[in-house]
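Novice: below is the sequence, then the predicted model.
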Amino acid sequence: MVKGTILLAATGFVGAAIFYSPYVALNAQTALTCPLCPNITSGQASLTAKFVLYALIGGTKNAALLVALGCIVWGIVRTVKCVKRSTIGSNS
């Protein structure tokens with residue numbers, strides 16, 4: 001469970017980094033990589049500073065979403081397995 005949580009959180013930050021990649025001269029942006037990342041425009045900071053800030057903020061939101069969804073799926077799978085074991089054991 002811990003490894004899966006770390007993997008999902010890391011995936012969230014990578015997705016945000018890809019979403020905001022145009023700030024560091026890489027154009028790999030797609031909305032599917034970070035569904036909670038807003039399109040932000042401002043002229044106050046350097047492009048690198050914007051990338052780091054937005055990737056951290058968007059990545060945290062994205063990671064929280066992915067970890068929550070992963071925990072829900074894990075709980076459903078575990079419950080189904082438990083129910084199957086109990087019904088198989090009661091049939092014997």
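Specialist: That came in fine, so what should we check first?
Novice: which residue lies nearest the spatial centre of this structure?
Specialist: Closest to where the C-alpha atoms of the chain average out (CA atoms, centre = their mean) is Gly12, at 2.9 Å.
Novice: got a list of what the closest residue to that one other than its chain neighbours touches?
Specialist: Distance criterion CB to CB, 6 or more residues apart in numbering; nearest residue to Gly12, sequence neighbours excluded, is Ala63 at 3.0 Å. For every residue, glycine as well, the C-beta is placed using N, CA and C. Residues in contact with Ala63, defined by CB atoms under 8 Å, 6 or more residues apart in numbering, are Leu8, Ala9, Ala10, Thr11, Gly12, Phe13.
Novice: neighbours of the third one, how many?
Specialist: In this case it means Ala10. For Ala10, the count of nearby residues is 13 (other CB atoms under 10 Å).
Novice: enumerate every residue touching it.
Specialist: Counting by CB under 8 Å, 6+ apart, Ala10 has contacts Ala63.
Novice: buried sites along the helix or strand that contains it?
Specialist: For Ala10, the host element (DSSP states H and E) is helix 2-19. When neighbours are counted by 16 or more other CB atoms under 10 Å, the buried residues of helix 2-19 are found to be Leu8, Ala9, Thr11, Gly12, Phe13, Val14, Gly15, Ala16, Ala17, Ile18, Phe19.
Novice: just stretch 45-59 next, same as before
Specialist: Neighbour counts over stretch 45-59 (16+ other CB under 10 Å) mark Lys50, Phe51, Val52, Tyr54, Ala55, Ile57, Gly58, Gly59 as buried.
Novice: what pLDDT, on average, does it get?
Specialist: The average pLDDT within stretch 45-59 is 81.
Novice: how far does that stretch sit from the chain's center?
Specialist: Distance, stretch centre to chain centre, for stretch 45-59: 17 Å (CA atoms, centre = their mean, to the nearest Å).
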